[in-house]
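Undergrad: here is a sequence with its predicted model. Questions after.
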Amino acid sequence: MPPWLEKLLPILLLLVAVAVVVSRLPKVQLGHEDRFVKRRRWNWIVLGLAYSLLYFGRYNLSGIAGELDRAGILSRAQFNQIDAIGLLTYGLAFLVNGPLTDRWGGRATILIAVGGSAACNAGMALAFAAREQSGSAELLASLKVLNALNMYFQSFGAVSIVKVNAHWFHVRERGVLGGLFGILISLGLYFSYDWSLMLLRGVGVVAPFWVPAAVLAAMFVLAWSIIRDSPAHAGLRDFDTGDATSGQLHPDPLSKVVRHLFSQPVIWILIAIEFCSGFLRQAVMKQYRPYAVAIEQDHSFVYENWGMLLCIAGILGGVFAGTISDHVFGSRRGPVASILYAGLLVGAIGCYFLLGTPGVGWSIVLMSLCVIGVHGMLSGTATADFGGSKNAGVVTGVIDGFVYLGSAAQGALYAVALPKGEAAKDPQNWLVWPLYMLPVAVVGLLFCTRVWNARPKKAGGGH
């Protein structure tokens with residue numbers, strides 16, 4: 001059996017098991033016609049696949065960062081510089097792209113995301129291909145610009161998927177939807193980390209960028225053909241989604257949305273939680289492989305199967321979060337986020353005490369499970385609940401913007417704090433890695449408990 005199939009098979013089996021379990025859960029009866037359900041399923045599958053493949057074109061550089069460092073092509077500190085600029089761009093872009101998504105619709109903006117990312121990945125492939133003629137300084141400068149541009153286009157992705165699905169799913173259906181959101185993230189991470197590494201080793205340094213560029217280009221055509229913004233755009237009847245803008249026919253003016261948004265204490269708390277989530281998410285996913293390479297644990301099971309394990313952990317975390325949100329906690333997101341943040345704290349403590357041993361990898365896998373579950377619940381679901389289908393773009397943009405400001409903070413911090421050169425070979429010099437994660441996990445957990453009973457309130461306007 002080829003290596004890629006050995007890694008993909010457990011994921012496929014898990015997805016089958018998840019599909020069986022989800023199909024046997026009690027159904028939320030909202031009176032949807034069979035025709036509506038089938039069309040929604042196709043809309044969701046293609047939209048979700050587009051978002052998942054965007055991850056392939058977003059984290060591919062992260063997936064091969066450790067190998068590039070070892071080969072002397074791009075140092076770990078240089079990668080963290082590139083990454084911090086890209087993450088900051090991603091976070092700030094939401095301030096523009098959120099309102100644009102509400103104005104243009106999620107279909108248009110997911111196409112912009114997919115097409116723009118395909119072009120940027122092709123540009124990065126050309127930059128690596130020209131590195132021998134241009135030199136490392138030119139490569140670094142090119143990657144800073146191209147990665148930042150890629151992250152700008154990528155920032156349309158999450159906003160688009162929330163915007164489109166807010167019109168197709170009722171609040172009572174969105175917990176499981178948030179779990180599926182986590183699955184999509186997980187599949188994208190599998191492609192980014194395991195496939196990018198296999199492509200690097202088997203074909204060369206440009207392949208991890210050319211392949212996502214080609215796949216995203218094909219995805220653009222499929223998304224253009226299938227995705228529609230709402231049931232009405234697909235020739236069906238719109239329905240009351242029961243969220244914060246239920247009863248409104250049109251989006252509010254941006255100034256009103258922003259005032260209403262920041263007047264809600266629950267939104268400020270979600271922002272704080274997701275800032276912490278962004279820090280922890282990237283501290284886990286971006287720093288583990290460089291750590292393993294530095295201390296020569298890059299032949300461990302977790303290192304070699306990092307993408308597969310991230311995918312399985314994310315699927316389990318997403319399905320667990322979505323299922324208990326809708327079927328145990330009555331579609332509340334706070335209790336689920338609290339449970340998962342407790343897991344993040346346990347994982348960070350485990351990482352601190354297991355540093356230098358193979359057990360660190362498994363602590364990081366646990367943290368990945370928890371943080372992907374939190375992200376699916378809050379950025380993928382709570383944003384649509386509290387923003388409503390009409391204003392989902394702005395709310396998702398603001399909250400996801402803070403996710404990536406947290407991500408940029410960890411990139412900038414670890415670029416300076418993590419050991420370099422010979423010092424990086426000693427695991428004890430990596431203690432700052434889990435030490436910085438611990439207080440962030442504690443703060444995030446405390447904020448999660450503050451939104452335990454939070455629910456969206458319907459708008460008071462007429463029809």
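TA: That came through fine. Numbers count the residues shown, from 1 in each chain.
Undergrad: so for Leu149, what's the pLDDT?
TA: We have a pLDDT of 97 for Leu149.
Undergrad: name the element it belongs to?
TA: helix 136-168 (DSSP states H and E).
Undergrad: ok, Val394 next?
TA: Per DSSP H and E: helix 383-417 holds Val394.
Undergrad: what's the very next helix or strand once past that helix packed up against?
TA: Per DSSP H and E, the first helix or strand lying C-terminal to helix 383-417 is helix 432-450. For helix 432-450, the elements it packs on are helix 265-285, helix 334-353, helix 383-417, judged by 3 or more C-beta pairs under 8 Å, 6 or more residues apart in numbering; DSSP states H and E. C-beta: built from backbone N, CA, C; applies to glycine.
Undergrad: nearest approach to Ala294 belongs to which of those?
TA: helix 383-417 (12.5 Å; C-beta to C-beta).
Undergrad: still on that earlier bit, want to try CSV for the helices and strands packed on helix 432-450, with distance to Trp44 and mean pLDDT as columns?
TA: Formatted as CSV, the helices and strands packed on helix 432-450 follow (distance: least, C-beta to C-beta, whole Å; pLDDT from 0 to 100):
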stretch, distance to Trp44, mean pLDDT
helix 265-285, 23, 88
helix 334-353, 21, 92
helix 383-417, 13, 74
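Undergrad: out of these, nearest to Ser300?
TA: helix 334-353 (14.5 Å).
Undergrad: show me what that closest one is packed up against.
TA: So helix 334-353, by 3+ C-beta pairs under 8 Å, 6+ apart, packs with helix 265-285, helix 306-327, helix 359-377, helix 432-450.
Undergrad: next, count neighbours for Phe339.
TA: Not Phe; residue 339 is Ile. When neighbours are defined as other C-beta atoms under 10 Å, Ile339 has 18 of them.
Undergrad: what distance do you get for it to Met285?
TA: Distance, Ile339 to Met285, using C-beta to C-beta, to the nearest Å: 21 Å.
Undergrad: residue contacts, the most centrally placed residue in the chain?
TA: Central residue of the chain (C-alpha atoms, centre = their mean): Ile185, 5.3 Å from the mean position. Each residue near Ile185 by C-beta atoms under 8 Å, 6 or more residues apart in numbering is listed here: 52, 55, 314, 318, 372, 375-376.
Undergrad: which pLDDT value goes with it?
TA: pLDDT at Ile185 comes out at 72.
Undergrad: cool, and Gly359?
TA: Looking at Gly359, the pLDDT reads 91.
Undergrad: follow-up on the earlier one: for the helices and strands packed on helix 334-353, which one ends up most surrounded?
TA: Comparing the helices and strands packed on helix 334-353 by mean neighbour count (mean count of other C-beta atoms under 10 Å), helix 359-377 ranks first with a mean of 27.
Undergrad: which strands or helices does it pack on?
TA: helix 174-190, helix 265-285, helix 288-294, helix 301-304, helix 306-327, helix 334-353.
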